[in-house]
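Peer 1: Fold the following.
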Amino acid sequence: MLIAHKIAIDPNNRQATYLARAAGTARFAYNWALAEWGRQYEAWKQDNTLPKPNQMSLRPNLGWVRIREILRFEGKVVSAIISRVANRWYVSITVDTPDAGPSSPEAENQGMVGVDLGVTALATLSTGEVIQGLKAHKIMLQRLRRILKNLSRKVKGSKNHEKSRRKLAWLHARIAHIRQDALHKLTTDLTREFHTIGIEDLNVKGMMKNRHLSRSIADMSFHEFRRQLEYKAAMRGGEIVVADRFFASSKTCATCGHKLNELPLSVHRWTCPSCGEEHDRDVNAAINLRNYAVSSTVSACGGEGAGRCRKTATKPAPAKQEANSKFISGH
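Peer 2: The predicted model follows:
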């Protein structure tokens, strides 16, 4: 199982200078190669002798570089990619980890849960628990606007313009880190506690076309939530059941199965006209997603009663590494 671990690194001044030059060289070479491939494609030709700048840019001896944490996974290191976000350098180490087997302690999570994503609350569980999103972009919006306004007043190419640009990059990185941290904590807790998790196949691209909700949807980062949930479930031997995007999770009564014709987004609570049960919109949707996950595990996907679904591929969790060096080598 291939898994990548992104770690912050602390290069010294000489190493940071070298990395910046190497990144600039790789960017130039990549852009040139991309343009060249485009020209060759237009001419209906192929040239297999083009260089591979991403692989060659960091081959010279870099020496030992201090990293901020120990590599969490054991196995064969497949690759290491250096990147920079704002003013911080990172290394993404891809490791080919062995399968731990079905007896892995991390695969002992039990139970099923449905998770309904939203813009008011990030996630509502079928247990009734509501997880509020941090909405990092909304919190930092006024500060972001102030920096953007300040940047627009600077002369391009000046030191003040570069200083403001770096402040803007740092703030965007901080927003992303706050969002990532919250999502990692939530997805880790879910995959540790529940073996099977039912979610919806949301049409995020279509939802982003709603100008009233696009900023809130982007701030919640639904796609990243699903990505993290799927790979962490695979690590722990769990299963993610994805309901079809046309599955009426909110409009269907979780008690009797009655389906409403319409349910506006402004309606948060509704009463079933068939059985009289009163529902919270999000909790009802989460319960329906849990029931969907239950039915899909009993019947084969597409079988009787299963409906349209897609299960993500899963593997047992890899064993954690007990000890490792706190340095990486550039050899």
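
Peer 1: which other helices and strands contact the helix or strand Ser92 falls within?
Peer 2: Using DSSP states H and E, Ser92 sits within strand 88-96. Applying 3 or more C-beta pairs under 8 Å, 6 or more residues apart in numbering; DSSP states H and E, one finds that strand 88-96 makes contact with strand 2-10, strand 76-85. Quick note: C-beta positions are derived from backbone N, CA and C, even for glycine.

Peer 1: Need the three-state assignment for Arg145.
Peer 2: helix (DSSP: H, G, I helix; E, B strand; the rest coil).

Peer 1: Let me know whether Ile7 touches Tyr90 as I believe.
Peer 2: Yes: with contacts counted by C-beta atoms under 8 Å, Ile7 reaches Tyr90, the gap being 6.6 Å.

Peer 1: still on that earlier bit, would JSON lines of the helices and strands packed on strand 88-96 with mean pLDDT and mean neighbour count be doable?
Peer 2: Formatted as JSON lines, the helices and strands packed on strand 88-96 follow (pLDDT from 0 to 100; neighbours: other C-beta atoms under 10 Å):
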{"stretch": "strand 2-10", "mean pLDDT": "86", "mean neighbour count": "14"}
{"stretch": "strand 76-85", "mean pLDDT": "85", "mean neighbour count": "14"}
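
Peer 1: closest to Lys159 out of these?
Peer 2: When those are compared by C-beta to C-beta, strand 76-85 sits nearest Lys159, at 20.0 Å.

Peer 1: Give me the helices and strands touching the closest one, please.
Peer 2: helix 13-42, strand 88-96.

Peer 1: So which of those is the most surrounded?
Peer 2: Compared across those, strand 88-96 shows the largest average neighbour count, a mean of 17 (mean count of other C-beta atoms under 10 Å).

Peer 1: Please tell me how far the nearest residue to Val294 once chain neighbours are set aside sits from Glu262.
Peer 2: If the residues on either side of it in the chain are set aside, Val294 comes closest to Met112, at 5.9 Å by C-beta to C-beta, 6 or more residues apart in numbering. When distance is defined by C-beta to C-beta, to the nearest Å, Met112 is 29 Å away from Glu262.
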